[in-house]
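Visitor: Kindly generate the corresponding structure for this input.
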Amino acid sequence: MSLKLITFKTNQTIIGDVEFTGGVYKVKQPVQVIVQPTKDGPMMGFSPFLDFCEEFKDGIEIAGYDVLTVTTPVTELANQYNQVFGSGIQ
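Guide: From the prediction side, this is the model:
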């Protein structure tokens, strides 16, 4: 598994620990990536994404046909995610 950004066809983006098997993405501890405008420019943050389901820690399965892109997050975003859900800054 590796930390990835998944953008859906609906243009919603999540970040989490992703594994791809047989046309299905399994995402552990996903959170939605939100871009908020500020007076100093855009700021990225996280919003809950299905965090009250039992599969949140073990992995939520997402059908591959719902996914537009899978990309690698920039270091700053990965570090922010890892401070909350991972082993700290990498």
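
Visitor: Start from the middle of the protein and tell me which residue ends up furthest away.
Guide: Computed with CA atoms, centre = their mean, the maximum C-alpha offset from the centroid of the chain is found at residue 39, amounting to 25.7 Å.

Visitor: which residue ranges form the strands in this protein?
Guide: Taking DSSP state E, the strands of the chain run over residues 2-8, 13-21, 24-38, 41-48, 60-63, 67-71.

Visitor: The shortest one packs against which elements?
Guide: If contacts are counted by 3 or more CB pairs under 8 Å, 6 or more residues apart in numbering; DSSP states H and E, strand 60-63 sits against strand 24-38. Glycine gets a C-beta too; all of them are placed from N, C-alpha and C.

Visitor: partners of the strand it packs on, with directions?
Guide: If you go by DSSP bridges, strand 24-38 pairs up with strand 13-21 (antiparallel), strand 41-48 (antiparallel), strand 60-63 (antiparallel).

Visitor: by how many degrees do that strand and strand 67-71 diverge?
Guide: Orientation of strand 24-38 against strand 67-71 (axes from the mean of the first three to the mean of the last three CA atoms, to 10 degrees) gives an angle of 80 degrees.
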